[in-house]
Each structure stands twice: as C-alpha cells, then as structure tokens.
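# Could you work out the structure for the sequence below:
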Amino acid sequence: MNQPNASADAPDSDYDLVVFDFDGTLVNTTDAILAGQHGALNDLGQPPPSPEQGLSLVGLPLDEVLTRLGAPAGRLDEARASYRAHFDRHMDLIRPYDGVRAMLDRLGGRNLQLAIATSRHAPSLLEILAVHDLAGYFVYLGSGDNVQRGKPHPEMLELVLRNTVVEGIAVRPSRCLMVGDTTYDIEMGRAAGVVTCAVTWGVHSEEELRAAGATVVADKPDHVAR
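Below you'll find the predicted structure:
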C-alpha cells in the first residue's frame, strides 16, 4: 500500500476489524447502476445523466443520488422503484472484482472480523452476496436501511463498530480499517476516527481519494491491510 498521509491513530499491529464498502470496492456494479439511473430518469421524462455524472454520486444514499440527477422531489418513490427495477434487470452483469475473494480469504485467515458498510438497501445487498457466495465472510452488514444519515456521515460506520465485538468489547476506532473506493467512504471513515484505505479500482480517481485524506491507498485487493 502507498501511504500518502501519516496517521497518529494507525495501529502498530493488526486491525481487529476491516469494514468494506460494497459497490465499487468488492463488486463491480457499474453497468447495473448506470442502467438503473438511466432507466429511472427516462421513465420520469427527465434527461438521463452522463456516465461521469452518475458514477460520481455512487456511494451516496439512493434518494440523494436520484434528486441530484434531476428526479422531482414529489416523485422520489416512483424514481426509487424504477431505479431498482432497471438495476435488477441487469444483475447478471455484476461480478466481484478479481482478487476480492482471495483478499477476503487472506484477511479471514488472520482471524480479522470483516463487515460491510454500504448505502445499498439490505434486500439487494443480501441478494448479490448470496448469488456470489460472499455472505459468509462478514460478521455484520451495515446498509442504507439501518441509518437515518447516510454516507459521508459516520453513523453507519459507528453502527458497525458498536455491533462488532472482539473479546466481549466493541471494536475501538483505532483498531478498525475502512476500505472504500469513493471520497464518501474516506470522509465517513475519517469522521468516525478509523484508519482509511482507498482502493483505486472503483469509481473515484486516485487523486480524489488522496485529496479526501485516505490514510493509505491500495492499487489491488492483494494490497489491502498488508
């Protein structure tokens, strides 16, 4: 891992908990997300977003994404349902990134607790995890359904920390690594006081991730928590 920023809170030994973002970090959902955005806006009679505009918002709560893309405030329920219908029709395009399963095996072999913190709603998250046989790696799944304030607010990550226990004690922030591909993940991690690892194979650029203050940067799954 490259280390762009020193962190006084970074532990000298292994972490107790590694928390992963989902979309863009563990699985490649880009085509399905863009199909969902395009379909939802088209169904509402609104101009579809460019891929760049749509991907820049990945990681935020869905209602916020749809609002920023032009969905009228009074039609958010319709927009959300349309997005999910179009997304689900493209589920066959979703794949874990190369090296992700080996990374999870490696970290699990070190007896680390693994969890997820994602804006994706729980039914969709559970379905994708089941299809790709990934659910068994994680001791806790934090989703957009669990919180009132989505990324980059720290509420979701704080929830994960409270619900992940090592030797009878909730994991301390300094013993947690947050891994994500967007600035929203890094900002959430910093606000929660955890160590942050930005990955460069997702939707935000390395320059954006460094500017957001990532503790470390990983260029491939094998470099996470080395």
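# Now do the strands in the chain.
In order along the chain, the chain carries the following strands (DSSP state E): 17-20, 27-28, 95-96, 113-117, 140-142, 165-166, 169-170, 176-180, 195-199, 216-218.
# Other residues contacting the third one?
Defining contact as Cβ atoms under 8 Å, 6 or more residues apart in numbering, one finds that strand 95-96 is touched by 26, 27, 28, 132, 134. Glycine gets a C-beta too; all of them are placed from N, C-alpha and C.
# starting at the chain centroid, how far to it?
Strand 95-96 has its average C-alpha position 14 Å from the chain's average C-alpha position, going by Cα atoms, centre = their mean, to the nearest Å.
# Quick check: of the contacts of strand 95-96, which has the highest neighbour count?
For the contacts of strand 95-96, neighbours were counted by other Cβ atoms under 10 Å; the highest total belongs to residue 26, with 29 neighbours.
# Now do the contacts for that residue.
Contacts for residue 26 were tallied using Cβ under 8 Å, 6+ apart; they are 20, 96, 97, 100, 116, 134.
# This structure - how does it break down into domains?
For the chain, whose domains are defined here by automatic domain parsing, the residue ranges read 17-28+94-223, 30-93.
# what would the ones you listed look like in JSON lines with mean pLDDT?
Formatted as JSON lines, the domains of the chain follow (pLDDT from 0 to 100):
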{"stretch": "domain 17-28+94-223", "mean pLDDT": "96"}
{"stretch": "domain 30-93", "mean pLDDT": "96"}
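# Of these, flag the one that's most buried.
Across the domains of the chain, the average number of neighbours (mean count of other Cβ atoms under 10 Å) peaks for domain 17-28+94-223, which reaches a mean of 20.
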